[in-house]
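Trainee: quick one, fold the following:
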Amino acid sequence: MGKVTVLIVILMLGVLALFAVYNNDPTAIFVPFDQSYEIPKIGVILFSSVFGAACMLLLFAIRDTRRFLFTYQYQKKQKNEEKIHSLYTQALNAILAEDEAEARAALSAILKKEPGHTDAHLRLGDIEANKGRDEEAYGHYKRAHASSPEHLEALFSLARIMEKMQGWDEALGYVENILDLDPDNLSALHMKRSILEREGRWDELIEVQKAILRLLREERDKEREEANLKGFRYELARDSLEKGDLEKALKAFKTLVREDEKFTPAHLGVAETMLAGGDTEEAVSYLERAYESTSSQIILARLEDLLISLEEPSRLIRIYRKALSARPRDEALKFFLGKLYFRLEMIEDAFDVLASLDTAETWPDLHKLLGELHLRRDECGKAVEQFRKTIELGGSMRLPYCCSVCGHEDRQWSGRCPECGSWNSYRFELQGACRV
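Mentor: Sure thing, here's the model as predicted:
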């Protein structure tokens with residue numbers, strides 16, 4: 001007790017003593033049941049002071065007890081969290097070291113202390129998923145989700161494991177839950193796009209793709225996703241064509257052509273739709289116009305197949321000659337004309353055109369055709385020489401399509417490369433090897 005406090009107490013006692021001297025007459029105190037007591041005024045004051053002090057002591061005791069209990073529980077909880085944190089760190093290190101047994105032991109110890117520990121369930125789920133035990137992984141992810149319904153990692157894990165188990169609807173449901181919590185989550189939007197693409201739900205997918213585009217800031221990313229949007233719209237048009245909705249397909253293909261005249265799959269889609277509707281002449285005319293405006297070898301090849309099937313080779317030859325008159329130095333066009341002559345058994349015309357090409361040393365398919373022509377002319381020695389050059393250049397017996405993005409080689413044309421997923425990337429590879 002400080003000196004000031006002692007001084008204050010002495011002063012208060014002095015004041016009370018002085019008060020007692022000048023107020024020594026008794027005071028009546030009335031209580032229930034008509035009872036009364038007479039006590040000195042100083043007695044009333046002292047009694048009130050003692051009662052007030054006792055109340056204060058009781059309040060302080062309650063407050064200190066609560067503080068003690070709170071501190072005890074806090075320290076106990078903190079100690080438990082430190083232990084769990086230590087076990088979790090141990091588990092992560094074991095996972096990095098690929099020590100599955102130690103990781104499992106540490107994570108199980110965490111769950112004994114805290115059965116609803118979300119991250120422990122997630123890591124155990126990851127271990128099971130990596131081992132191919134998808135059902136067990138799903139169980140852990142479900143428990144993690146039950147512990148923290150709005151935990152995004154738990155929802156992503158559930159969506160991924162359901163994708164792996166081919167539960168597309170369930171996976172999509174978890175992705176929708178993520179987007180309800182975070183509508184601008186790009187990873188969730190990409191996952192939703194992937195599921196919708198697998199399901200062929202192109203209308204919904206296009207809306208998701210537009211949402212992805214709205215969130216992008218980098219121009220390079222926007223260009224890539226705009227190209228994807230165009231591709232998805234092409235797939236929607238193809239889907240409409242396959243389902244017989246020709247009006248919708250034609251409108252979609254033509255819209256793509258208006259937006260990008262160089263998008264060859266859309267041109268072919270327009271022609272296919274016209275053919276499906278029985279408008280053969282209109283399809284041929286359309287392909288002629290499309291070739292004139294794009295000079296696409298792919299369109300020319302489709303036009304060639306169509307006109308030969310219609311037994312109109314003379315019309316096809318006119319188209320080739322007209323194109324050559326406009327581009328007399330186009331060696332590839334001459335090659336395709338020579339190949340057409342060969343296909344039509346116009347041996348001498350084919351030989352004249354192909355033998356005049358300056359690229360004879362680098363095009364294996366040209367050597368192959370020249371070899372075939374020499375055989376037809378009974379020039380076996382020259383034919384063998386041309387076939388030998390074909391083999392040396394790594395040429396095949398058919399002109400392949402080559403993806404200009406990934407280098408994938410294919411015998412059948414497709415609007416989308418099955419290897420890298422790019423649209424409008426197929427071209428003819430006259431050099432033999434498919435190069436990017």
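Trainee: and the helices in the stretch 51-200 of the chain, which stretches?
Mentor: 100-113, 118-130, 134-147, 152-164, 168-181, 186-199 (DSSP state H, counting those that start in this stretch).
Trainee: nearest to Q209, out of those?
Mentor: Proximity to Q209, assessed across those by CB to CB, is greatest for helix 186-199 (6.3 Å). C-beta here means a position set from N, CA and C on the backbone, and glycine is covered the same way.
Trainee: sorry, back to before: now the helices of the stretch 51-200 of the chain in JSON lines, please, with extra columns for mean pLDDT.
Mentor: Converted to JSON lines, those look like this (pLDDT from 0 to 100):
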{"stretch": "helix 100-113", "mean pLDDT": "95"}
{"stretch": "helix 118-130", "mean pLDDT": "96"}
{"stretch": "helix 134-147", "mean pLDDT": "96"}
{"stretch": "helix 152-164", "mean pLDDT": "97"}
{"stretch": "helix 168-181", "mean pLDDT": "97"}
{"stretch": "helix 186-199", "mean pLDDT": "96"}
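Trainee: pull out the buried positions in the worst-scoring helix or strand of the chain on mean pLDDT.
Mentor: The weakest-scoring helix or strand in the chain, judged by mean pLDDT, DSSP states H and E, is helix 380-392 (a mean of 72). Neighbour counts using 16 or more other CB atoms under 10 Å place 383, 386-387, 389-390 of helix 380-392 among the buried residues.
Trainee: what number of residues are in the vicinity of A105?
Mentor: Close neighbours of A105, defined as other CB atoms under 10 Å, add up to 14.
Trainee: how far away is it from L215?
Mentor: 42 Å (CB to CB, to the nearest Å).
Trainee: can I get the helices of the stretch 51-200 of the chain in TSV including distance to L275?
Mentor: As requested, these are exported to TSV (distance: least, CB to CB, whole Å):
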stretch	distance to L275
helix 100-113	59
helix 118-130	48
helix 134-147	45
helix 152-164	38
helix 168-181	34
helix 186-199	27
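Trainee: out of those, which is closest to V4?
Mentor: Between those, helix 100-113 lies closest to V4; by CB to CB that is 52.0 Å.
Trainee: how much does the closest one deviate in direction from helix 134-147?
Mentor: 30 degrees (axes from the mean of the first three to the mean of the last three CA atoms, to 10 degrees).
Trainee: which elements pack onto helix 100-113?
Mentor: Helices and strands touching helix 100-113, by 3 or more CB pairs under 8 Å, 6 or more residues apart in numbering; DSSP states H and E, are helix 41-96, helix 118-130.
Trainee: hey, C-alpha coordinates of stretch 145-152 in PDB?
Mentor: Below are the C-alpha coordinates for stretch 145-152, written out as PDB (Å, rounded to 0.1, in the frame of the first residue of the first chain):
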ATOM      1  CA  HIS A 145     -16.600 -30.300 -47.200                       C
ATOM      2  CA  ALA A 146     -18.900 -31.300 -44.300                       C
ATOM      3  CA  SER A 147     -16.500 -29.600 -41.900                       C
ATOM      4  CA  SER A 148     -16.200 -26.400 -44.000                       C
ATOM      5  CA  PRO A 149     -19.000 -26.200 -46.500                       C
ATOM      6  CA  GLU A 150     -17.600 -23.000 -48.100                       C
ATOM      7  CA  HIS A 151     -14.000 -24.200 -48.300                       C
ATOM      8  CA  LEU A 152     -13.100 -23.700 -51.900                       C
END
